[in-house]
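Student: Build me a model from this:
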Amino acid sequence: MSTTRVSALLRAPRPAVYRALTDPATIARWRMPDGMTSAVETLADGGFRVTLTYEAADQRGKTTGRSDSYRARFSRLVPDELVVEVDEFETADPLLAGEMTTTITLRDAGGGTELLAVHEGVPDGVAPEDNEVGWRMALGRLAALVEA
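Tutor: You can find the predicted model right below:
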């Protein structure tokens, strides 16, 4: 298992960034790497399920043919400051098994919000550099959304 860190400076106030990090409908609009689409389903237990689908037919998913699905839940929320989320892939592959914890901190910086995301417990089946690149792509979408 590995840990990755990604940061971004978003030209938006912390409350707007926090809402985008915690609202499942908004998460579906930004949290995916390039070349994928996202669907988010709210679950009865308060968590949510994210399904990322590759746009290219030749890409292979972690869960089914062309998709990666994971269940997520917020384990700690401090409005406008902190989001701690626990995710787990839906897969039979032992190299992708286990819970991942993402801790996102927000602070005022440069007339906007500095976001730091620390991803712990990234399964061995996910290369740390791929996780980092995917999150950087997603944070680019988040920036476009909250800065609009």
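Student: Is the residue nearest to I27 when sequence neighbours are not counted part of a helix or strand, or is it coil?
Tutor: Distances taken as CB to CB, 6 or more residues apart in numbering place V40 nearest to I27, at 5.3 Å, with adjacent residues excluded. Just so you know, the C-beta spots here come from the backbone N, C-alpha and C atoms, and that holds for glycine as well. At V40 the chain is in strand, as set by DSSP: H, G, I helix; E, B strand; the rest coil.
Student: Was I right to think V40 contacts A28?
Tutor: Yes. Using CB atoms under 8 Å, V40 is in contact with A28, at 4.0 Å.
Student: For the two, list the residues in contact with both.
Tutor: When contacts are counted by CB atoms under 8 Å, 6 or more residues apart in numbering, V40 and A28 are jointly contacted by V50.
Student: And the lengthiest helix in the chain, what does it pack against?
Tutor: Of all the segments of type helix in the chain, defined by DSSP state H, the longest one is helix 128-147. Applying 3 or more CB pairs under 8 Å, 6 or more residues apart in numbering; DSSP states H and E, one finds that helix 128-147 makes contact with strand 2-10, helix 14-22, helix 24-30, strand 112-122.
Student: so which of the ones you listed gets nearest E132?
Tutor: strand 2-10 (4.7 Å; CB to CB).
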